[in-house]
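In: With the input below, show me the fold.
(one chain, ligands or ions: 1)
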Amino acid sequence: MHEFKYKNNQLYCEEIKVQDLAERFDTPLYVYSYHTLIDHFQKLKTAFHSINPLICYSVKANSNLAILKALVDKGAGLDIVSGGELFRAIRVGCPAQKIVYASVGKTDREIEEAIKRGILFFNVESLPELENINCIATRLNKVTNAAIRINPDVEPKTHKFITTGKLTNKFGIDFATARKILLVRDKFSYLNICGLHIHIGSQITESAPFVSAIKKMVRFINNLKKIGIRLEYLNIGGGLGIIYDKENPQTAKEFAKKILPLLKKTELKIIMEPGRFIVGNAGILVTKILYIKVTARKKFVIVDAGMNDLIRPALYDAHHQILPLHNQSTIHNSEKADIVGPICESADFFAKERLIPKVREGDYLAIMGAGAYGFSMSSNYNSRCRAKEVMVVKDKAFVIRKRETQEDLIHNEIIPPFLLGI
Ligand SMILES: *Cc1c(COP(=O)(O)O)cnc(C)c1O
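Out: Here you go, the predicted structure:
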């Protein structure tokens, strides 16, 4: 379910014509639907209400303050992976006790800040990291919670770049090592090692990998119980897939039905970390057609957004549906084209050999499903100013990030005096 629909052949976001947004705010433009965002959060919450999990939205999927604030206001916690994300979480008023922090490479400064803030727990990814957090907590004289991130060695059947729960991935700790750590957990005098965490990958459309990973966790938790090791939290991570193309992902309800019985067995407090599921289909990238270039072999639709704005096709060969804002498409006037950006890289494309309705220079296109890992992965490559972002709430549109200026591009750069002849 999302709020981007055609009415009278015009694409709308909630109650506003996307064409009007493009003309008013210029392109490239990210457009988010507030109600789609909240609806996806509520769907998950409803599906799992019987165990009342803490749903920590994964900030890296889309870290705009307005998106975070909207979710935090609805009771979401936040899953962070850096000091910068902690800063954002605090800035939007997320209670520290609803923040969980994963990353294989947390620095001392990041750890110190998170301990001082009193986050719910660290998801710890290695023994050296565990020792380091204990050391810093000791110095700060503040007992801190930790969950061990387990690498359950399951195949999530997704793109290899977004697979994170195989033993060849850098993430988490294997079961045997985790067991050894838990046996001596009292040794970490300033750490309360009270939970386990998994996150096996992203854009996972089937329930089987989740079920398999959680089953492994339940077995592990039961074995721990037998030797007197009791825990408080089980964090099942994120990774729920969405529809980009022809996927048929499980709904929140179906997902819950499959894993609720397993989760209940653990008797632990459950944490979830969805990112893409919540924000992925709540955003689109609107772009303008600059040129239509016909060569001997191909037709190129050259648009004003580039891989610096949305890198998923270049990075993961990801599919995004691309729609005209004015839909008069019939089979007859459709043709195949490559939709490409202006950047000096052949990987700068949004679609290849895609059947699209006949379009003209000056028309706009909507790149769908761009809410997650869209703006948050954008860059200034080719010295391009990053896009503007707007949030639509019914018939109102709010700018939630201004378009960058050329001055922003050079803001932190310094020419040393010797080059200036000083
Ligand atoms: C990226 C990430 C998530 C969110 O993944 P989605 O696929 O967007 O749901 C959750 N937890 C951790 C630890 C992550 O790194």
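
In: use CA for all of it now, contacts and neighbours both
Out: Will do.

In: which residues sit against the strand or helix carrying residue 37?
Out: For residue 37, the enclosing helix or strand under DSSP states H and E is helix 34-47. With CA atoms under 8 Å, 6 or more residues apart in numbering as the test, helix 34-47 has contacts from 1-3, 14, 52-53, 55, 70-71, 74, 252-253, 256, 277-279, 281-282, 391-393.

In: now do stretch 392-410
Out: Taking CA under 8 Å, 6+ apart as the rule, stretch 392-410 contacts 13-16, 31-35, 64-66, 380, 383-391.

In: what about it, start to end distance?
Out: One end of stretch 392-410 sits 31 Å from the other (CA to CA, to the nearest Å).

In: Please point out which parts of it sit buried.
Out: Across stretch 392-410, burial judged by 16 or more other CA atoms under 10 Å covers 392-393, 397, 400-401, 403.

In: near the ligand too, which of those residues?
Out: Among the buried residues of stretch 392-410, not one lies near the ligand by CA under 6 Å from any ligand atom.

In: Pop the domain breakdown of this structure in here.
Out: 4-31+280-402, 34-279 (automatic domain parsing).

In: Let's have those domains in TSV, adding mean pLDDT.
Out: Shown next, in TSV, are the domains of the chain (pLDDT from 0 to 100):
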stretch	mean pLDDT
domain 4-31+280-402	95
domain 34-279	96
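
In: With distance to residue 417 added, can I get these in TSV?
Out: Supplementary listing: those in TSV, determined by distance: least, CA to CA, whole Å:
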stretch	distance to residue 417
domain 4-31+280-402	24
domain 34-279	31
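
In: Ok, which of these comes nearest residue 414?
Out: domain 4-31+280-402 (16.0 Å; CA to CA).

In: what's the span of that closest one from first residue to last?
Out: Per CA to CA, domain 4-31+280-402 runs 22 Å from first to last residue.

In: Ok, stretch 134-146 next?
Out: Stretch 134-146: ends 10 Å apart by CA to CA.

In: residues of stretch 202-217 that come out buried?
Out: Within stretch 202-217, judged by 16+ other CA under 10 Å, the buried ones are 202-215, 217.

In: Now flag whichever of those residues is closest to the ligand.
Out: residue 202 (3.5 Å; CA to the nearest ligand atom).

In: Tell me how far that closest one lies from residue 122.
Out: 20 Å.

In: Also residue 178?
Out: Applying CA to CA to residue 178 and residue 122 gives a distance of 15 Å.

In: try residue 340
Out: For residue 340 relative to residue 122 (CA to CA), the value is 41 Å.

In: Comparing the two, which shows the higher neighbour count?
Out: A side-by-side neighbour count of residue 340 and residue 122, using other CA atoms under 10 Å, places residue 122 first with 29 against 23.

In: so who does the more buried one touch?
Out: Residue 122 neighbours (CA under 8 Å, 6+ apart): 100-102, 145-147.

In: gap between the host helix or strand of it and the chain center?
Out: If you go by DSSP H and E, residue 122 is part of strand 121-124. Taking CA atoms, centre = their mean, to the nearest Å, one finds strand 121-124 lying 19 Å from the centre of the chain it belongs to.

In: same deal with stretch 261-274?
Out: 21 Å.

In: With only the CA atoms kept, save that stretch in PDB.
Out: What follows is stretch 261-274, C-alpha atoms only, in PDB (Å, rounded to 0.1, in the frame of the first residue of the first chain):
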ATOM      1  CA  PRO A 261       5.300 -18.600  17.800                       C
ATOM      2  CA  LEU A 262       9.100 -18.800  17.700                       C
ATOM      3  CA  LEU A 263       9.500 -15.400  19.300                       C
ATOM      4  CA  LYS A 264       7.000 -16.200  22.100                       C
ATOM      5  CA  LYS A 265       9.000 -19.300  23.000                       C
ATOM      6  CA  THR A 266      12.000 -17.200  23.900                       C
ATOM      7  CA  GLU A 267      10.000 -15.200  26.500                       C
ATOM      8  CA  LEU A 268      12.400 -12.400  25.800                       C
ATOM      9  CA  LYS A 269      11.600  -8.800  25.000                       C
ATOM     10  CA  ILE A 270      11.700  -8.500  21.200                       C
ATOM     11  CA  ILE A 271      13.400  -5.700  19.300                       C
ATOM     12  CA  MET A 272      13.000  -5.200  15.500                       C
ATOM     13  CA  GLU A 273      15.000  -3.000  13.200                       C
ATOM     14  CA  PRO A 274      13.100  -2.400   9.900                       C
END
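
In: Pull out the buried residues from the longest strand anywhere in the chain.
Out: Scanning the chain for the strand with the most residues, using DSSP state E, yields strand 283-294. Buried positions in strand 283-294, judged by neighbour count with 16+ other CA under 10 Å: 283-290, 292.

In: Over to stretch 375-388?
Out: Here stretch 375-388 shows 375-379, 384-388 as buried, counting by 16+ other CA under 10 Å.

In: Can you check the distance spanned by it, start to finish?
Out: With CA to CA, one end of stretch 375-388 sits 9 Å from the other.

In: who touches it?
Out: 25, 27-30, 60-64, 307-311, 343-344, 399-406, 408-409.

In: So which of these sit within strands?
Out: 29-30, 399-401.

In: ok, the most centrally placed residue in the chain - contacts?
Out: With distances taken as CA atoms, centre = their mean, residue 61 lies nearest the centre of the chain, 1.9 Å away. Residues near residue 61 by CA under 8 Å, 6+ apart: 275-276, 279, 371-374, 376.

In: run the last query once more with 10 Å
Out: Residue 61 makes contact with 274-280, 371-377, according to CA atoms under 10 Å, 6 or more residues apart in numbering.

In: what does residue 351 give?
Out: 301, 313-314, 317-322, 337-340, 367 are the contacts of residue 351 under CA under 10 Å, 6+ apart.

In: how does it look with 7 Å?
Out: The contact partners of residue 351, by CA atoms under 7 Å, 6 or more residues apart in numbering, come to 338-339.
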